[in-house]
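**Q** requesting a structural model of the entry that follows:
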Amino acid sequence: TSVKLDSILYKINTAEGTLGLFVNDTTLYSEFTNLLGRVNNLITDIEKNPRKYFKFSVF
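**A** Residues are numbered from 1 along each chain as shown. All right, here's what the predicted structure looks like:
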């Protein structure tokens, strides 16, 4: 209903709850963006150098 939607949007806009804090806190957004960049770099390095992270042996 529209009342529930208004309540949810109010909580987001006033930084109530997890989503509200994330949307309204620029520091948190910046840290999260930084984290995603670092994870992306790690995945790229794992793809390029899998032996650096994993050891494979048959026996």
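
**Q** what's the helix or strand bottoming out on mean pLDDT in the chain packed up against?
**A** Least confident element among the helices and strands of the chain, by mean pLDDT, DSSP states H and E: helix 17-24 (a mean of 78). Judged by 3 or more C-beta pairs under 8 Å, 6 or more residues apart in numbering; DSSP states H and E, helix 17-24 is in contact with helix 2-13, helix 26-48. C-beta: built from backbone N, CA, C; applies to glycine.

**Q** just checking, next helix/strand downstream of the longest one?
**A** It stands for helix 26-48. As assigned by DSSP states H and E, the chain's next helix or strand after helix 26-48 is helix 50-53.

**Q** how close does Arg51 get to Phe59?
**A** Relative to Phe59, Arg51 is positioned 18 Å away (C-beta to C-beta, to the nearest Å).

**Q** name the residue in these two with the higher neighbour count.
**A** Arg51 (7 against 2; other C-beta atoms under 10 Å).

**Q** about what we covered before: could you give the angle of the least confident helix or strand of the chain to helix 2-13?
**A** 60 degrees (axes from the mean of the first three to the mean of the last three C-alpha atoms, to 10 degrees).

**Q** now Tyr29: how far from Phe59?
**A** Distance from Tyr29 to Phe59, by C-beta to C-beta: 49 Å.

**Q** look up how far Tyr29 lies from the closest residue to Ile12 other than its chain neighbours.
**A** Once flanking residues are discounted, Ile12 sits nearest to Gly20: 4.5 Å by C-beta to C-beta, 6 or more residues apart in numbering. Distance of Gly20 to Tyr29, computed by C-beta to C-beta: 12 Å.

**Q** neighbour count winner among the two?
**A** In terms of neighbours (other C-beta under 10 Å), Gly20 is the more surrounded of Gly20 and Tyr29; the figures are 17 against 13.

**Q** give the contact list for that one.
**A** 11-14 (C-beta atoms under 8 Å, 6 or more residues apart in numbering).
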